[in-house]
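Chemist: can you look at this prediction? I've put the sequence above it.
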Amino acid sequence: MNPMRTEARRPRLLRRAVLALGLTLAATGAMAQAWPSRPIRMIVPFPAGGPTDVYARVIGQRLSEVLGQPVIVEDKPGATGVIGSTAVRDAPPDGYTLLFTSNSAHVIGPLLHNPAPFDPVADFKPVMMVLRYPMYLLTSAKLPVTNVKEFVALAKSKPGKLSYSSVGIGSGGHLACELFNMATGINTLHVAYKGAAPAQAALAAGEVDYMCDSVGFSQPLVDAGKLHGLAIIGPKRVPAVPSVPTVAEQGIPGVSAFIWQGVYGPKGLPDAVRDRLSAALTKIVNEPAFKERVDKNGYELMASTPEQLTRDTVAEKAMWSRIITEKNIKAE
């Protein structure tokens, strides 16, 4: 090829590249301005009535008002969140199919399968971690213990005899209790139930001895004297139950287990659409009524950036993977 001819073509190629880039940016900007022009689906990978579904509906209603288009919350439970999550992964990345999920489905769920059905980082576009809450160590009121030290001593005196309930194998409560067991050196039996209500009812009835759950869901039964709240499995006390100490305050440092809820889009969601969605969510979660609800339920408002959500997801994936591998936990 003639070097002089090649050299002469370079300015034209450069102009074409710049023009193509400009057209792409203009199209992306136009899409963001036009979005949303029709209803949005927000998929929850859990059954209706659970904490993730409840907050998805609260946020979805306000998002409809802020964006001017209906936001339809659709529950697609099954396979520890895999069914709902993969539906969003495979959806067109146009901003009209979103995922409102928790780390139990998004991070823990795929770790229970081999091969993993999806990658929580590579297969999705992070938008925002909305809130999180530390797990709450609860015991049956029938168990003769009043603090973590007494509970651990009782469990060690009866290895393999005490049991704990959870909403299912691989759930956040299941792994939080296993994390606690590993930190304290106790050996207990896991009993999986199909849902939070039956798992909690079993504890209140004394069919099992303890459980790791949320403050918002369990504190009413603690107040009624049917359960004992022993400790917060996190670095600090929860304002909703200020009298409940952390596990670190009771001699078990460095143990934290959080459940968080957040929003994702499919991989390929344009940054401009993601940024507009993030701005709308930030407005909603900082409203006084929403913050009051979060505080009352013992949750912590996060409103994180997409970059922070990605970093947290990567770190959690490593932690939960270690526990799942060591305890040989597999999906049901």
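Modeler: Okay, I see it. Quantities reported herein were computed from a predicted structural model and do not represent experimental measurements. Residues are numbered from 1 along each chain as shown.
Chemist: what residues are up against the most centrally placed residue in the chain?
Modeler: Of all residues in the chain, the one closest to the mean position by C-alpha atoms, centre = their mean is Ser102, 2.1 Å from it. Neighbouring residues of Ser102 by C-beta atoms under 8 Å, 6 or more residues apart in numbering: 46, 51-52, 81, 172, 259-262. The C-beta positions use only the backbone N, C-alpha and C, and glycine is treated the same way.
Chemist: how close does it get to Ala48?
Modeler: 15 Å (C-beta to C-beta, to the nearest Å).
Chemist: domains in the chain, by residue range?
Modeler: If you go by automatic domain parsing, the domain ranges for the chain are 33-132+260-327, 134-250.
Chemist: including mean pLDDT, could the ones you listed go into a markdown table?
Modeler: As requested, the domains of the chain are exported to a markdown table (pLDDT from 0 to 100):
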| stretch | mean pLDDT |
| --- | --- |
| domain 33-132+260-327 | 94 |
| domain 134-250 | 95 |
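Chemist: am I right that Trp260 is in contact with Met129?
Modeler: Yes - the pair Trp260 / Met129 is scored as a contact, 5.3 Å apart, by C-beta atoms under 8 Å.
Chemist: which neighbours do the two share?
Modeler: Counting by C-beta under 8 Å, 6+ apart, the residues touching both Trp260 and Met129 are 302, 312.
Chemist: and these two? which has more neighbours close in?
Modeler: Trp260 (25 against 22; other C-beta atoms under 10 Å).
Chemist: A helix includes Gly49, no?
Modeler: No - judged by DSSP: H, G, I helix; E, B strand; the rest coil, Gly49 forms no part of a helix; its state is coil.
Chemist: before we move on, the earlier item: and the gap between the residue nearest to the centre of the chain and Ser171?
Modeler: Counting by C-beta to C-beta, the separation of Ser102 from Ser171 is 10 Å.
Chemist: now do the helices in the stretch 1-150 of the chain.
Modeler: Per DSSP state H, counting those that start in this stretch, the stretch 1-150 of the chain carries helices over the ranges 3-34, 51-67, 82-89, 103, 109-111, 148-157.
Chemist: now do the strands in the protein.
Modeler: Using DSSP state E, the strands found in the chain span residues 40-44, 71-75, 97-102, 124-140, 163-166, 189-192, 210-213, 227-233, 258-266, 300-301.
Chemist: any idea which of those gets closest to Thr325?
Modeler: strand 189-192 (16.3 Å; C-beta to C-beta).
Chemist: for that closest one, packing partners?
Modeler: Under the contact criterion of 3 or more C-beta pairs under 8 Å, 6 or more residues apart in numbering; DSSP states H and E, strand 189-192 touches strand 163-166, helix 172-184.
Chemist: can you list the ones you listed in CSV and add distance to Leu230 and mean neighbour count?
Modeler: Putting the helices and strands packed on strand 189-192 into CSV (distance: least, C-beta to C-beta, whole Å; neighbours: other C-beta atoms under 10 Å) gives the following:
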stretch, distance to Leu230, mean neighbour count
strand 163-166, 12, 24
helix 172-184, 10, 22
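Chemist: quick one: those as TSV, columns for distance to Leu138 too.
Modeler: As requested, the helices and strands packed on strand 189-192 are arranged in TSV below (distance: least, C-beta to C-beta, whole Å):
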stretch	distance to Leu138
strand 163-166	9
helix 172-184	10
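Chemist: nearest to Ala201, of those?
Modeler: That would be strand 163-166 among the helices and strands packed on strand 189-192, by C-beta to C-beta, at 8.9 Å.
Chemist: just to revisit the earlier point, mind checking the strands of the chain for the one nearest to Lys283?
Modeler: If we rank these by C-beta to C-beta, the stretch that ends up nearest is strand 124-140, at 11.6 Å.
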